[in-house]
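Based on what follows, work out the 3D shape:
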Amino acid sequence: MFKVGDQFQVTIEKMANRGKGLGRVNDQVVFVPYSAPNDVLTVKATKVNKNFIEADIVDIVTPSNLRVAAPCPHFTECGGCHFQHLAYSTQVEIKDQLVKETLQRAIGNISETAFLPPIASPQEWNYRNRIQIHVNKNEYGFVKRNSHTLIPIENCKIAEPALNKALANIKSIPDLLKNEKVELLIDKNLQVHQRDLNSQGQPVLFSQVNRFANKLLVDLVVDKVVAYGPKAKIYDLYSGDGNFLVAISKSLPKTELIGVELNSGLVKLGRAEIAQQKLNACYVHSSVEDYLETVSINPEDTVLLDPPRTGCDAKAMMVLGSRPRNKIIYISCEPTTLARDLRLVKDSAQKWGLSFRLDSVQTLDMFPQTEHIETVVEFSIDKIDTSGTTH
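I've put the predicted structure just below:
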């Protein structure tokens, strides 16, 4: 039995969730960050559990042929990126495969035809429009992985150039350096803002991390909704500031859209956008689970789900699985919670004598160089045909 601090050799078989490679030693699973499939590594155990070991790389004995040189000097030290040591095309393939495996484990056999080709980000570098800076005694930068140690950084390879310019000039704004944490972000008008994250009542600004990939994501979702040709209402649950709602309403101006969002700041922004563009849409300020207890969504209505990384509320998934639904589109930024939620809605459907059908799964990489991946899933809840049943 290994203990923390022990060193041993392991071969990485494949990538697992959280950006870690998976290997085995003495039939025990080992997770190693910053590794690559087929690496042979000397590692040191950092956490020992009866089911698995977590370990850090001490030495790369035989490097995988998938490895490339990471361009950032802070890679593996700063915890922001996970995959700079892999070519971008490899990153996309790995993330897509992880989504497939995660969903297969949760809901059983899925037809290969349901999985659509993955979509890469238009930019693999300089895409982030929001970064958080930590400050300590006039020093600023990012926090070292698994610690509170500050790493002074004046240029981030995945941040947009305008943010890196603001980052390099942050010392010219002495008041900002009085705060422990500062956010630099680019809004919808491509203006750079700085704000103290320790203060209350800060305005809610543009929240999509990668505006280049977000355009592809919005177009993808709009195309799916328009192709379905909804003749009833569209419910945009966890609608944020209207990232999808506004675009769908422009494409389907005669269709009524209802956005449901708990964050009051985002509701305010969404309502202002609807009013300005005179769209046939409205906002409900509520949690999704509470809202679903007050409304009856019909089978012909279209439902969009775009929850935070923590996924949907369990009650919401059970309500959605309790009656037929012709079209539900789930936009997820976390495969494990997506899988959990699909399992919940499938179980709920079966409880009510209905059938869960997964129609399509498509990954879109919103977060190059990191372990995160966006997934767009279409599914429906069908009545089970019992016309041929005899008694």
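
Where does residue 134 sit: helix, strand or coil?
strand (DSSP: H, G, I helix; E, B strand; the rest coil).

what's the distance between it and residue 180?
Distance of residue 134 to residue 180, given as C-beta to C-beta, to the nearest Å: 7 Å. (Glycine included, C-beta is placed from N, CA and C.)

With neighbour numbers in mind, choose between those two.
Higher neighbour count among residue 134 and residue 180: residue 134, with 19 against 11, using other C-beta atoms under 10 Å.

can you tell me which residues contact the more buried one?
140, 141, 142, 143, 150, 180, 181 (C-beta atoms under 8 Å, 6 or more residues apart in numbering).

List the strands paired with the worst-scoring helix or strand of the chain on mean pLDDT, with their directions.
Taking mean pLDDT, DSSP states H and E as the measure, the helix or strand of the chain with the lowest value is strand 192-196, at a mean of 86. The pairing partners recorded for strand 192-196 under DSSP bridges are strand 181-186 (antiparallel).

Contacts for the partner strand next, please.
Counting by C-beta under 8 Å, 6+ apart, 129-135, 140, 160, 162-163, 166-167, 170, 176, 192-198, 205-206, 211 sit against strand 181-186.

Can you tell me the centre-most residue of this protein?
For the chain, the residue sitting closest to the mean C-alpha position, by C-alpha atoms, centre = their mean, is residue 333 at 1.7 Å.

distance of that one from residue 324?
From residue 333 over to residue 324 the distance is 28 Å, taken as C-beta to C-beta.

Repeat that for residue 179.
Noted for residue 179: a distance of 52 Å to residue 324, by C-beta to C-beta.

more crowded one of the two?
Just comparing residue 179 and residue 324: by other C-beta under 10 Å the higher neighbour count belongs to residue 179, 18 against 15.

these two touch, right, the more buried one and residue 135?
Yes: in terms of C-beta atoms under 8 Å, residue 179 counts as a neighbour of residue 135; the distance is 5.9 Å.

Kindly confirm my reading that residue 359 forms part of a strand.
Yes: Residue 359: assigned to a strand according to three-state DSSP.

so how far is residue 29 from the nearest residue to residue 185 once chain neighbours are set aside?
The shortest distance from residue 185 to any non-neighbouring residue, by C-beta to C-beta, 6 or more residues apart in numbering, is to residue 130 (4.1 Å). Applying C-beta to C-beta, the value for residue 130 to residue 29 is 35 Å.

Number of residues surrounding residue 227?
9.

again with residue 278
Based on other C-beta under 10 Å, the number of other residues close to residue 278 is 9.

Just the pLDDT for it.
As predicted, residue 278 sits at a pLDDT of 95.

Please verify my assumption that residue 209 contacts residue 128.
Yes: Residue 209 is within contact range of residue 128, at 5.7 Å (criterion: C-beta under 8 Å).

neighbour-wise, which of these two wins?
Set residue 209 next to residue 128 and count neighbours by other C-beta under 10 Å: residue 128 wins out with 25 against 19.

and stretch 120-138, how far from the chain's centre?
Centre-to-centre, stretch 120-138 and its host chain are 16 Å apart (C-alpha atoms, centre = their mean, to the nearest Å).

Pull out the buried positions in it.
Buried positions in stretch 120-138, judged by neighbour count with 16 or more other C-beta atoms under 10 Å: 120-121, 123-131, 133-135.

Could you export these as TSV, including distance to residue 256 and pLDDT?
Shown next, in TSV, are the buried residues of stretch 120-138 (distance: C-beta to C-beta, whole Å; pLDDT from 0 to 100):
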residue	distance to residue 256	pLDDT
120	35	98
121	33	98
123	36	97
124	39	98
125	41	98
126	39	98
127	35	98
128	35	97
129	32	95
130	32	94
131	38	94
133	43	92
134	45	91
135	47	89
